[in-house]
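Colleague: sequence first, then the predicted structure, then my questions.
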Amino acid sequence: MSMQTAIVSEPTVDSLHFKEIALSDREWMEPLLRASDYRSEEYSFTFAYVWRGVFAYKAARYRDMLIIKSERETHPPSYLFPAGSGDIGAVIEALIHDARANGHGLLFHTILPEQIQVLETLYPGRFHITPIRDYWDYLYDAQSLITLAGKKLHAKRNHINRFKENNPDWTYEPITHDNLPEVLAMTDQWLEGHEVKSKTLMQESRAVCAAIRDFDALGLDGGAIRTGGRIVAFSMGDRLSSDTYHIQIEKAFGDVQGAYAIINQQFAAHNCADYRYINREDDSGQEGLRKAKESYRPVMMVEKHIAKLLDA
């Protein structure tokens, strides 16, 4: 009499299919990003799209969740913690499977405090968590940036007053098809004004140009400061979460005193009044930029971490 041996197979995990991010992906990606309602800059379609070349981003949909993967040559492959709604445990299992199938460990390049709690609940003690302070986003009270009220922001009001005194003909105008070419030209001039064009500066320039080129398709808001017949500062942004607006780009000529201060305040006044917070992104560890962002008195930092699966 023959004996049959039962074979128990592991549960099947659906494969992930990552693709290059295109403008057309905004239609399905943005609702999933909105469903998570995170205040971190990475959870923005515009951010993912304009920086896709720099970070080698690709996107995949797994059930009702969005996964963005970064595959830069100089960094180990990593993932953005999934956005959307559904069974997060099933999605993470799919990520573990994808990482192993491609010969690398599971690494999340952006983990927020609330996401760390999810990982610790599902995989207690299995992830090594490391804070990355250089990439924490600065969140500001929207009304504070609009009014610049109070003693702590007195210097900002002075910068704006000086700008207005020196440029009595100044105007604020929304960015449209009519002035987009001027905005792009100003971006080129701004870059030419930097004698040392670092790799980081060139990468940023490419992202800015992508945002300008696809301004309408990305659904961006834009505003510019004009004086003496030319644009001297501009800003672009869009909604990030239900209570947070995201400043994607801000540029001003450094030799025009107060230009940064006035575009900051004017853009907030024209576009951010209906939001509680304004996300002005991170400082990338640059000392000067950190001081500038701290000088506007953020009310909160979006803390970010790296999470590595220890037994992957």
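Modeller: Yep, that arrived.

Colleague: looking just at contacts, which helices and strands does the helix or strand hosting P31 meet?
Modeller: P31 is part of helix 26-36 when elements are defined by DSSP states H and E. Here helix 26-36 touches helix 45-50, strand 57-62, strand 65-70, strand 83-84, going by 3 or more C-beta pairs under 8 Å, 6 or more residues apart in numbering; DSSP states H and E. Where C-beta positions appear, they are placed from N, C-alpha and C, glycine not excepted.

Colleague: make it 7 Å
Modeller: Packing contacts for helix 26-36, counted by 3 or more C-beta pairs under 7 Å, 6 or more residues apart in numbering; DSSP states H and E, involve helix 45-50, strand 65-70, strand 83-84.

Colleague: for those, give me TSV that also has mean pLDDT.
Modeller: Shown next, in TSV, are the helices and strands packed on helix 26-36 (pLDDT from 0 to 100):
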stretch	mean pLDDT
helix 45-50	98
strand 65-70	98
strand 83-84	98
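
Colleague: which one of the ones you listed lies closest to T244?
Modeller: T244 sits nearest to helix 45-50 of all the helices and strands packed on helix 26-36, at 13.0 Å, using C-beta to C-beta.

Colleague: check the offset of that closest one from the chain's centre.
Modeller: Centroid separation between helix 45-50 and its chain, computed with C-alpha atoms, centre = their mean, to the nearest Å, is 7 Å.

Colleague: quick one: residues in contact with it.
Modeller: Outside helix 45-50, the residues that touch it by C-beta atoms under 7 Å, 6 or more residues apart in numbering are 21, 23, 26, 29-30, 33, 41, 57, 68, 207, 210-211, 218, 220, 238, 248.

Colleague: of those residues, which is the nearest to Y138?
Modeller: Distance to Y138, by C-beta to C-beta, is smallest for E41 among these, at 10.1 Å.

Colleague: verify the contact between the closest one and H246 for me.
Modeller: Yes. The pair E41 and H246 qualifies as a contact (C-beta atoms under 7 Å) at a distance of 6.3 Å.

Colleague: gap between L145 and K156?
Modeller: 9 Å (C-beta to C-beta, to the nearest Å).

Colleague: so for these two, which sits in the more crowded spot?
Modeller: Comparing L145 with K156 by other C-beta atoms under 10 Å, the one with more neighbours is L145, at 23 against 20.

Colleague: what's near enough to touch that one?
Modeller: N264, Q265, A268, I278, Y296.

Colleague: and if we set it to 10 Å?
Modeller: 153, 156, 245, 247, 264-265, 267-269, 272, 277-278, 280, 296-297 (C-beta atoms under 10 Å, 6 or more residues apart in numbering).

Colleague: just the buried residues of the residues you listed.
Modeller: Burial by neighbour count, judged by 16 or more other C-beta atoms under 10 Å, picks out 153, 156, 245, 247, 264-265, 267-269, 272, 277-278, 280, 296 from the contacts of L145.

Colleague: so how far is the first residue of stretch 143-159 from its last?
Modeller: This stretch, stretch 143-159, spans 18 Å end to end (C-alpha to C-alpha, to the nearest Å).

Colleague: which residues in the stretch 1-150 of the chain form helices?
Modeller: For the stretch 1-150 of the chain, the helices defined by DSSP state H, counting those that start in this stretch occupy 26-36, 45-50, 52-55, 88-101, 113-122, 142-147.

Colleague: ok, T74 to A56 distance?
Modeller: Applying C-beta to C-beta, the value for T74 to A56 is 10 Å.

Colleague: more neighbours: which of the two?
Modeller: Neighbours per residue (other C-beta under 10 Å) separate T74 from A56, with A56 holding more: 16 against 5.

Colleague: thinking that one is in contact with S70, fair?
Modeller: Yes. Taking contacts as C-beta atoms under 10 Å, A56 lies within contact range of S70: 5.8 Å.

Colleague: now do the shared contacts for these two.
Modeller: P77.

Colleague: give the residues shared as contacts by E41 and H246.
Modeller: Contacts common to E41 and H246, judged by C-beta under 10 Å, 6+ apart, are F47, D137, L240, N279, R280, E281.

Colleague: and of those residues, the nearest to N167?
Modeller: R280 (23.8 Å).

Colleague: surely the closest one touches D141?
Modeller: No. Using C-beta under 10 Å, R280 makes no contact with D141, being 11.8 Å away.

Colleague: shared neighbours of these two, anything?
Modeller: With C-beta under 10 Å, 6+ apart, R280 and D141 have common neighbours Y296, P298.

Colleague: OK, contacts around N167?
Modeller: Contact analysis of N167 by C-beta under 10 Å, 6+ apart lists I225, R226, T227, G228, V232, V256, Q257, G258, A259, I262.

Colleague: in ChimeraX, how would I select the buried members of the residues you listed?
Modeller: In ChimeraX syntax, the buried subset of these is picked out as below (16+ other C-beta under 10 Å):
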select :225,226,227,232,256,258,259,262
